[in-house]
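J.: Quick one, what's the 3D model for this:
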Amino acid sequence: MKNKPRRRGRQVLKPGIAIMATGLALAAQAAGIQLPAGTSITTGAGTSIQLGCGDLNVGGTYTQQGDAALGGLGQLGLQQGSVFTAGAGAVALSGTLDVAAGTFNAGSSTVTMGPGASGCGIAQGQIKGSPSFYAWKVIGSVAPDAPRYTVAMPVAQTTTVTALLELSGVNLVSGSAANPSMLAKATPEPARAPVATQAWLKYTGAAPPSISNVGVNGVQSLDTWLAEDQTNKIAGGIAYNWFARALVTDPEPGGVAQPAPVPALDLGGLLALSALVGAAAAVSRRRSRP
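T.: From the prediction side, this is the model:
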């Protein structure tokens, strides 16, 4: 009787174990890795870990030092009380990034999402929680004129990018992976963003964002235009502050609504207004004389 090949399942580390890897290139041939509470992994500078499309679920502490890299991820999930520190390295995944229960320290790292980012070919990603990225890249594909990769972003929560934003060939929609907001919306857009269906994206970097072939529905850019020279790839999608629309200043959850900016007159307009005011005053004086 021939020996059957053994299936490799998810690797679970026992609590209390600490692993330190430095300057290595490791490939995990498992379905994924589970780090329970009390477990820690630290990867030193020069280390590259590829999970072969497996998931990494962190209940303890995962720390990248220097330019350490973590790739080939299907999903990255942080459990209650866990900490993931990305350092100055890189993280690449295709599926869900769930930071709702744990702490995600971006450092000066680059997080890349997309079907080719991890080589897993997953067609839809999702964000859970309110991560803050240093550099966030979402690289999909376009065929023939529509993005083929979708990221569902959480309703009433904010994803922040502080240094570098690159979006290409992707649909950003509010909702969840099971129920993304992909239906075309009526135009023109409502006067105010519907908070109950909105996700927020806040970009504060000094460098202009790199955006091409992007569809948006239900994801509002906070306080800045992102792609005012382009066209929304989701026809009728609600996309405040993206595609050459008026700037909307709806607040983030728990924030205070800001008044819409008052249009300012240029010098010519001010001079014309002053002349009109002066003429009106002169007419009023003549009429008031006995």
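J.: Surely Gln124 touches Val151?
T.: Yes: between Gln124 and Val151 there is a contact at 7.5 Å, judged by CB atoms under 8 Å. Bear in mind the C-beta positions are built from the backbone N, C-alpha and C, glycine included.
J.: neighbour-wise, which of these two wins?
T.: The residue with more neighbours, out of Gln124 and Val151, is Val151; 25 against 17, by other CB atoms under 10 Å.
J.: for the stretch 51-200 of the chain, what are the low-confidence residue spans?
T.: Within the stretch 51-200 of the chain, the ranges that satisfy pLDDT under 70 run 117-119, 182-195.
J.: after the longest strand along the chain comes which helix or strand?
T.: In the chain, with assignment by DSSP state E, the single longest strand is strand 158-174. Per DSSP states H and E, the first helix or strand lying C-terminal to strand 158-174 is strand 199-203.
J.: what lines up beside that following strand in the sheet?
T.: strand 158-174 (parallel), strand 219-221 (parallel) (DSSP bridges).
J.: Alpha carbons of the first one, as PDB, please.
T.: Taking only C-alpha atoms (Å, rounded to 0.1, in the frame of the first residue of the first chain), the coordinates of strand 158-174 have been written out as PDB:
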ATOM      1  CA  THR A 158     -11.700  55.900   8.400                       C
ATOM      2  CA  THR A 159      -8.700  54.500   6.600                       C
ATOM      3  CA  THR A 160      -5.800  56.900   6.900                       C
ATOM      4  CA  VAL A 161      -2.800  57.200   4.600                       C
ATOM      5  CA  THR A 162       0.000  59.500   5.800                       C
ATOM      6  CA  ALA A 163       2.700  59.500   3.200                       C
ATOM      7  CA  LEU A 164       2.000  57.600  -0.100                       C
ATOM      8  CA  LEU A 165      -1.200  56.600  -1.800                       C
ATOM      9  CA  GLU A 166      -1.200  54.500  -5.100                       C
ATOM     10  CA  LEU A 167      -4.400  53.100  -6.500                       C
ATOM     11  CA  SER A 168      -4.600  51.400  -9.900                       C
ATOM     12  CA  GLY A 169      -7.200  49.100 -11.500                       C
ATOM     13  CA  VAL A 170      -9.400  48.800  -8.300                       C
ATOM     14  CA  ASN A 171     -12.900  49.500  -7.100                       C
ATOM     15  CA  LEU A 172     -13.200  51.000  -3.600                       C
ATOM     16  CA  VAL A 173     -16.600  50.400  -2.200                       C
ATOM     17  CA  SER A 174     -18.200  50.700   1.200                       C
END
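J.: quick one, helices of this protein?
T.: Counting by DSSP state H, the chain has helices at residues 267-288.
J.: hang on, Ala86 packs against Asn105?
T.: Yes: the pair Ala86 and Asn105 qualifies as a contact (CB under 8 Å) at a distance of 6.5 Å.
J.: Name the residue in the two with the higher neighbour count.
T.: Between Ala86 and Asn105, counted using other CB under 10 Å, Ala86 has the larger neighbour count: 23 against 14.
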